[in-house]
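Student: Everything below, folded, please.
(4 chains)
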There are 2 protein chains.
Amino acid sequence: MPSSSTTGRVRRSAEERRIEIGEAARDLALAEGLDAVTLRAVAARIGVASGLVAHYIPGMDDLVADTFAEIVGTELAEVRALLPDAPAPERLGALVRTSLDPARAEVTLVWVQAWALGSRNAALAARVREAMDAWRRVIADEISRGMAQGSIPEGEAEPIAWHVLAMIDGLGAHALVGWGPGIDAVTPVLRAVAGLLGVPVARLGGG
Amino acid sequence: MPSSSTTGRVRRSAEERRIEIGEAARDLALAEGLDAVTLRAVAARIGVASGLVAHYIPGMDDLVADTFAEIVGTELAEVRALLPDAPAPERLGALVRTSLDPARAEVTLVWVQAWALGSRNAALAARVREAMDAWRRVIADEISRGMAQGSIPEGEAEPIAWHVLAMIDGLGAHALVGWGPGIDAVTPVLRAVAGLLGVPVARLGGG
DNA sequence: TAGTTTGTTGATCACGTGATCAACTCATCG
DNA sequence: CGATGAGTTGATCACGTGATCAACAAACTA
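Tutor: Next comes the predicted model:
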C-alpha cells in the first residue's frame, strides 16, 4: 500500500521538478561520477517514476552535459571566491593550492570523465571546452594583472595560463587512481609555476 | 579453399586465438576507445562468435585491463626508443616533444579513459598505477643521470619527474576535447620543464 | 459540483552489455 | 575407418540503458 493516507506522491510545479532533477543529477555525479547520472538513478533519488525524469529533459546526454557545466561552474566560482586580496603572484599560488586540495577529488572525477565522454557526447564536449576556456581566462587575467602591476615579468599570459591548468589537471587525474600518495604535490607545482611566471617561489605565498 | 566452401570458418590453436583476440582488443581500443572493447565488438572484428571470445578470457574487465597495459607498455617502449644519444637534458626534451606529438592522440584517449574507468575496474586501476610508475621511473632515471653527470643541478628527481608527467598528461587530456588548438604546446612546456630542472631552455635541444 | 488542465505513473519497447552452455565441426590419433 | 578431443557456434539468460505513451490522479477552474 501507498505510504500515507492516500498516496505518498507529491505534486510539484514543473519548475520545481526541473530544479529537483538538476540537483539530483548533480549530487549523483559528485558522489558516483558522471556515468552514474542515469534516467532511473535520478528518478530513484528523488523518489519518482523514471518516465517523469524523461518527461522533463530533452535527453540524457543533455542532462549530463548540463550537470557537468553546473558542477564545474560552481567549482570555478568557489575557487575564485577563495582568492586572497593580495598581489597577483600570491593569488595564483592560492589558486593552485586550492585546486590541488584533495577535497576536490569529486570534481576531478567529473572532469576526467567529461574528457573521456566528450569523445561521444558532442553537447558535453562543447561544455567542456567552455569550462576550460573559463578557467584559462581566470588564470590568464590574474597573470596579466600581475604583468601590468609589475609583479610578474612581461610575457604572454595565455600560454602560461594554459600550462598551469595542464599541470593542475594532470595531477588531479593522477590522484584519481590513487597514484602519487605520500608525495607533497603542492610545493613542486608551485616551483614549476614560479618558473613559468618568472617569479621567486616565495612570491606565491602560502606556508 | 582450404576449409570447405560451405563455411569460411578457420580453426586456430588456442594460443593463436588468444593473440588474435588481444590484437583485436588493442586495435579497437586505439581506434574507438577502451569502452569499445566489448565482447561482441572483439568477436566481430576477428569474424568469430561472441562466445569464442568469452571462452578465452576470464572476463571483459581483465581483457580491458590487459589491453590498456599492452598499449601503454608499447607506447613507453616506443618513446624510449626515440630518445637521442645525447646528454640528459636533451633526451628529456625529446621525450616531452614525442609525448606531446598529436599523433599520439589515440593513446591519450586510452589513458584518460583508463583514469576514469579505474574508479570501477580494480584490475585496470592497478595496471594504470603500474604504467604510471614505469613512466615516472623512466623520466626520473633520465633526470638522475643528468644530475650525476652534472648537466642538471642536484635535487630530487622523483617529484620533478612526477610533474613533468602531470604536464604531459594534462595537455593530452585537454587536446582530447579539441581544446588548445592553434597554440604551440611544446615551447611553453619545454620552458616549464627547464624551470623544473633548473637548466636553460636551449639545453633541452630540438628546434 | 463538474469539467479541464497538468503532473505523474508504470508498463513496455528496442537495444546493448557480459556470461553460459549444449550442440556442432573438424583435425588428429589409434 | 572410427573414436577422441579441441575449437567453435549460436541461442539464450539476466540485466541495464534511454525512450515512449496510454492511463491515472491531483489541482485548478467555471
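Student: When you work out contacts or count neighbours from here on, use the C-alpha atoms and nothing else.
Tutor: Will do.
Student: Any residues of chain A in contact with DNA strand C? List them.
Tutor: A:9-14, A:17, A:47-52, A:55 (C-alpha under 7 Å from any atom of the strand).
Student: Pick out the residue nearest the middle of chain A.
Tutor: Nearest to the geometric centre of chain A sits residue A:72, at 3.1 Å (C-alpha atoms, centre = their mean).
Student: residue ranges with poor pLDDT in chain A?
Tutor: Scanning chain A for pLDDT under 70 picks out A:1-8, A:179-183, A:207.
Student: got the residues of it near chain B?
Tutor: Residues of chain A lying close to chain B by C-alpha under 8 Å from any C-alpha of the partner chain are A:109, A:112-113, A:115-116, A:118-119, A:125, A:128-129, A:132, A:159-160, A:162-163, A:165-171, A:173-174, A:176-180, A:183, A:188-189, A:191-193, A:195-196.
Student: In chain A, spot the helix with the most residues.
Tutor: helix A:122-149 (DSSP state H).
Student: Run through the strands of chain A in chain order.
Tutor: For chain A, strands defined by DSSP state E do not occur.
Student: can you tell me if stretch A:21-41 touches DNA strand D.
Tutor: Yes: if you take C-alpha under 7 Å from any atom of the strand as the test, stretch A:21-41 does meet DNA strand D, through A:36, A:37, A:38, A:39, A:40, A:41.
Student: who wins for most neighbours among the residues you listed?
Tutor: Neighbour tally across the residues of stretch A:21-41 next to DNA strand D (other C-alpha atoms under 10 Å in any protein chain shown): the maximum, 23 neighbours, falls on residue A:37.
Student: what does chain A have sitting close to DNA strand D?
Tutor: Checking chain A against DNA strand D by C-alpha under 7 Å from any atom of the strand, the hits are A:6-7, A:9-11, A:36-41, A:50-52, A:54-55, A:58-61.
Student: Just the buried residues of those.
Tutor: A:36, A:37, A:38, A:39, A:40, A:41, A:54, A:61 (16 or more other C-alpha atoms under 10 Å in any protein chain shown).
Student: Select, from the residues you listed, the two members most distant in space.
Tutor: A:36 and A:54 (15.6 Å; C-alpha to C-alpha).
Student: ok, residue A:79 to residue A:192 distance?
Tutor: To residue A:192, residue A:79 is 20 Å away according to C-alpha to C-alpha, to the nearest Å.
Student: Please say which of the two ends up with more neighbours.
Tutor: Ranked by neighbour count (other C-alpha under 10 Å), residue A:79 and residue A:192 place residue A:192 first, with 25 against 15.
Student: The more buried one and DNA strand D, how far apart?
Tutor: Per C-alpha to the nearest atom of the strand, to the nearest Å, residue A:192 is found 41 Å from DNA strand D.
Student: contacts for stretch A:155-172?
Tutor: A:96, A:99-100, A:105, A:108, A:135-137, A:139-141, A:143-144, A:147, A:185, A:189, A:193, A:196-197, B:163, B:165-171, B:173-174, B:180, B:183, B:185, B:188-189 (C-alpha atoms under 8 Å, 6 or more residues apart in numbering or on different chains).
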